[in-house]
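A.B. asks: give me a 3D structure for the following:
(chains A and B)
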Number of protein chains: 2
Amino acid sequence: MLNFNEENFLSVTIGAVNLRSKIEEVAKEVTIEDFENIFLIGSGGTIALMYPLEYLLKTKSKIPVYTEIAAEFILMQHERFNEKSLVILASLSGTTEETVNAARFAREKGATTIGLVGDASTPLATYSTHVLENAAANDTLCESMHIQLYQLITCLMNLRGEFPQYNQFVEELKNLPYALISVKEATENKADQFAQKYRDETYHMVVGSGNLWGEAYLYAMCVLEEMQWIKSKSIHAAEFFHGTIELVEEDTSVILFKGEDKTRPLMDRVENFVNRYTKNVTIFDTKDYPLEGISNEFREYLSPIIIATAVERLSIHLEQKRNHSLEIRRYYRVVEY
Amino acid sequence: MLNFNEENFLSVTIGAVNLRSKIEEVAKEVTIEDFENIFLIGSGGTIALMYPLEYLLKTKSKIPVYTEIAAEFILMQHERFNEKSLVILASLSGTTEETVNAARFAREKGATTIGLVGDASTPLATYSTHVLENAAANDTLCESMHIQLYQLITCLMNLRGEFPQYNQFVEELKNLPYALISVKEATENKADQFAQKYRDETYHMVVGSGNLWGEAYLYAMCVLEEMQWIKSKSIHAAEFFHGTIELVEEDTSVILFKGEDKTRPLMDRVENFVNRYTKNVTIFDTKDYPLEGISNEFREYLSPIIIATAVERLSIHLEQKRNHSLEIRRYYRVVEY
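C.D. replies: Numbering: from 1, shown residues only, chains lettered A, B, ... in the order given. Have a look, this model is predicted:
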């Protein structure tokens, strides 16, 4: 596979899986503290990574959950935020200004914070009651954070009696790193062909729903826009027919992320439509991947990780065919603002 | 003003204001029913209209609020939705398929529904426990719905002791229709100039925050994309620096919606940045409008209505200068899907 370091990938993802005992320790402590709601906080890519957990909690738990963008969270004076709130934040660098400020703000208000970072010596860790540390890089960030967040949230749910299949789930997560490599291998040719075909494309629509909405939002904003400087619009499948649809022409590129939760029919509807009106439809469907060692009942939860790891191949091939490094920025951490 | 029918505008907006007694009657009934949370449901433009109310409830009320896209709401099996939920839905036509289905679904589950429609003989009304009816058209939809929704939500909050200034607020709303005409008049030249300057522009960014995020989302999707077939990206000001920023070049069109809630500093930050890197920044700022008869303390709540009524002028001038009717669709209600 192009620019893929298997050893490094396994190290990061197994590292995330191996945080299980630490996560269980943290989950027990915060459950003893008896929180009354969960705030999921991030900025850009990390808020997008929180959306599938928000979806999981909304659809499988009674605990109130609020997902807020870090910079807005600090200013808005959220009425349900208080010292009984459990605040979960993530920043791989540990230095994302808004997220660090949100953690400090939450701590100052007396709330319990759990910070996911790549390095425990960074500022986000300083303002975290509990720290989860797993080194990663941009090409493994999503998988690392997803694995940790899914373990953490399902562990908390299990302690509340809302996810009794927890033990089997986290046991099976041990198989995930290898299954994800198979996902990448199965995507490699498709990613190569996509990048060749669309190397000069100036605009993509990216559509997702349910627990894949966050990944659609992330891929459009953090990869296509930030890393490749390509205009893109992320659209929720349930909203597609209420505006963006009118832009579809016979050569419009539409990328669909299809998963296995209950909202899949929303994606089917978009797929049926766009296949009639544009010849440039690309579908990434979790059903195309076998996932050895993962039971059918857990596949729906893993859709965001599967799509993230698949489209990482797309990014790598876009980088090569477009001769545009994924690391280059005009502004972010380049100029002051 | 271009294509503006003052008589019609006053009829619609005064009609919305005059629903006060009906709204108070409904609010009292549902409060007696003792609901445990509020679900705000819509599709496209109407979900966008719900976002400022979600923001209001999150920041000024203890009642849990969930805003869900109609089609997803039906499929997702939301754990907090039950027969003690108060479901508020809006569809001007009363026939938006997903929203009608969501209302039916909610009723079948035993929840109380309040439907905002233009015509009480339409399907959404059929599935509404309580109906608010006010005829409007696309050019007055936002103002009509906003006025009704703000009255309804603040009335419910007041009954819970969370909006004691309610009576003064709704009294002053009587002045709003006239104040909004002044907003339009003050925007007319700017809208004319914008439409001339950008008539051939193929891409706009639209940025908002706080209670104006919904309006940014709506204007990009329902006007620029749906009614003018112009590519556009709506970005929350708190997210702007985490991806979309990298697309900014010296001729990129960026439209900013600035309001008066606590998140205004997020917009200031974006404004300062884009003014350094592109010459094509357009700002609609509620502070530019005096709003006769409205107390300062209420201005922040009215930002979405003010911006909506201001940028309606923009739409009308884009329609004229681009010779592209706001009514024409390729697909929506034209083809089956």
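A.B. asks: and the contacts of stretch A:197-207?
C.D. replies: A:216, A:219-220, A:224, A:230-237, A:240, A:244, A:247-248, A:252-257, A:267, A:270, A:280, A:318, A:321-322, B:231 (C-beta atoms under 8 Å, 6 or more residues apart in numbering or on different chains). C-beta here means a position set from N, CA and C on the backbone, and glycine is covered the same way.
A.B. asks: and with 7 Å instead?
C.D. replies: The contact list for stretch A:197-207, computed with C-beta atoms under 7 Å, 6 or more residues apart in numbering or on different chains, reads A:216, A:219-220, A:224, A:230-235, A:237, A:240, A:244, A:252-257, A:270, A:321-322, B:231.
A.B. asks: for that stretch, buried residues please.
C.D. replies: Using 16 or more other C-beta atoms under 10 Å in any protein chain shown as the test for burial, stretch A:197-207 gives A:198, A:201, A:204-207.
A.B. asks: so the residue lying closest to A:L314 once chain neighbours are set aside, which of the three states?
C.D. replies: Among residues not flanking A:L314 along the chain, A:A191 sits closest, at 4.5 Å (C-beta to C-beta, 6 or more residues apart in numbering or on different chains). Three-state assignment for A:A191 (DSSP: H, G, I helix; E, B strand; the rest coil): helix.
A.B. asks: how many neighbours does A:A191 have?
C.D. replies: Residues within reach of A:A191, counting by other C-beta atoms under 10 Å in any protein chain shown, total 24.
A.B. asks: gap between it and A:S315?
C.D. replies: 8 Å (C-beta to C-beta, to the nearest Å).
A.B. asks: and if you look at A:E297?
C.D. replies: A:E297 sits at a distance of 30 Å from A:S315 (criterion: C-beta to C-beta).
A.B. asks: those two: which has the busier surroundings?
C.D. replies: Shown here are A:E297 and A:S315; by other C-beta under 10 Å, A:S315 has more neighbours (21 against 11).
A.B. asks: can you pull the contacts of that one?
C.D. replies: A:223, A:227, A:326 are the contacts of A:S315 under C-beta under 7 Å, 6+ apart.
A.B. asks: closest one to B:P304 out of these, please.
C.D. replies: A:V223 (31.4 Å; C-beta to C-beta).
A.B. asks: the closest one: what secondary structure?
C.D. replies: helix.
A.B. asks: cool, and A:F284?
C.D. replies: strand.
A.B. asks: that one touches A:A308, doesn't it?
C.D. replies: No - with contact defined as C-beta atoms under 7 Å, A:F284 and A:A308 do not form a contacting pair (10.0 Å).
A.B. asks: spit out the contact partners of the residue in the stretch 1-150 of chain A positioned nearest to chain B.
C.D. replies: Nearest residue of the stretch 1-150 of chain A to chain B (C-beta to the nearest C-beta) works out as A:G44 at 2.5 Å. Listed by C-beta under 7 Å, 6+ apart, the contact set of A:G44 reads A:221-222, B:239, B:242-243.
A.B. asks: which phi and psi does it have?
C.D. replies: phi 60, psi -120 (degrees, to the nearest 10).
A.B. asks: just give the closest residue to it, not the sequence neighbours.
C.D. replies: B:H242 (2.5 Å).
A.B. asks: residues near the one you found, how many?
C.D. replies: B:H242: 28 surrounding residues under other C-beta under 10 Å.
A.B. asks: phi and psi next, for A:E97.
C.D. replies: According to degrees, to the nearest 10, A:E97 has phi -50, psi -50.
A.B. asks: before we move on, what about A:A90?
C.D. replies: The phi/psi pair for A:A90 (degrees, to the nearest 10) is phi -140, psi 140.
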